[in-house]
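Asks: Need coordinates for the below:
(one chain, ligands or ions: 2)
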Amino acid sequence: MDCLFCKIIDGEIPSTKVYEDEYVYGFKDIEPIAPVHYLLVPKTHISGANEITAENSEVIAKIFEAAAKIAKKEGFENGFRIINNCGDDAGQTVKHLHFHLLAGVKMGWGKESLGKCE
Ligand code: 5GP
Ligand code: ZN
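Replies: Ligands and ions are numbered 1, 2, ... in the order given. Reported below is the predicted structural model:
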């Protein structure tokens, strides 16, 4: 399958790994919008949050477990944010389910701050 993140998981395209277990691969976003900007992806191909079903949803729990582990290990004591963009309106550019893990900065919230990180 011609999928960028499947290729990154397979090591066909290089990435800076920050986390890996049986279900989840974590790597640095190539264009960070915060001091810490990681992507957490399921190792199995799911095209987006709209394709989560009773059969494949276990990996979502694994991704959030991974995020909490990373946050403890790397000391995000002031907090972090997890974002999923699903579909064109939300700006999903890679059609392999991924969660952005952002930390290391005080982030804005609300209508004006959508898509920005201050
Ligand atoms: P989306 O816009 O789909 O929510 O997020 C896709 C993310 O993937 C973007 O933040 C973008 O910077 C990141 N990205 C795109 N191509 C690559 C790549 O080849 N390597 C890495 N590490 N990140 C990528
Ligand atoms: Zn994929």
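Asks: How many neighbouring residues does Asp21 have?
Replies: 12 (other CB atoms under 10 Å). Where C-beta positions appear, they are placed from N, C-alpha and C, glycine not excepted.
Asks: State the pLDDT value of it.
Replies: On pLDDT, Asp21 comes in at 98.
Asks: List the residues that contact the closest residue to Gly79 other than its chain neighbours.
Replies: With sequence-adjacent residues excluded and distances taken as CB to CB, 6 or more residues apart in numbering, Gly79 is closest to Ala103, at 7.2 Å. Counting by CB atoms under 8 Å, 6 or more residues apart in numbering, Ala103 makes contact with 34-36, 71, 74, 76, 78-81.
Asks: Tell me the one of the residues you listed nearest ligand 1?
Replies: Closest approach to ligand 1 among the contacts of Ala103 (CB to the nearest ligand atom): Ala34, at 10.7 Å.
Asks: so what pLDDT did that closest one get?
Replies: 96.
Asks: That one and Lys106 touch, don't they?
Replies: No - Ala34 lies out of contact with Lys106 (CB atoms under 8 Å); the separation is 10.1 Å.
Asks: more crowded one of those two?
Replies: Ala34 (18 against 8).
Asks: you'd agree the more buried one is in a helix?
Replies: No - applying DSSP: H, G, I helix; E, B strand; the rest coil, one finds Ala34 to be coil, outside a helix.
Asks: Skipping its backbone neighbours, what lies nearest it in space?
Replies: Nearest residue to Ala34, sequence neighbours excluded (CB to CB, 6+ apart): Leu102, at 4.2 Å.
Asks: Alright, that wraps it up for me.
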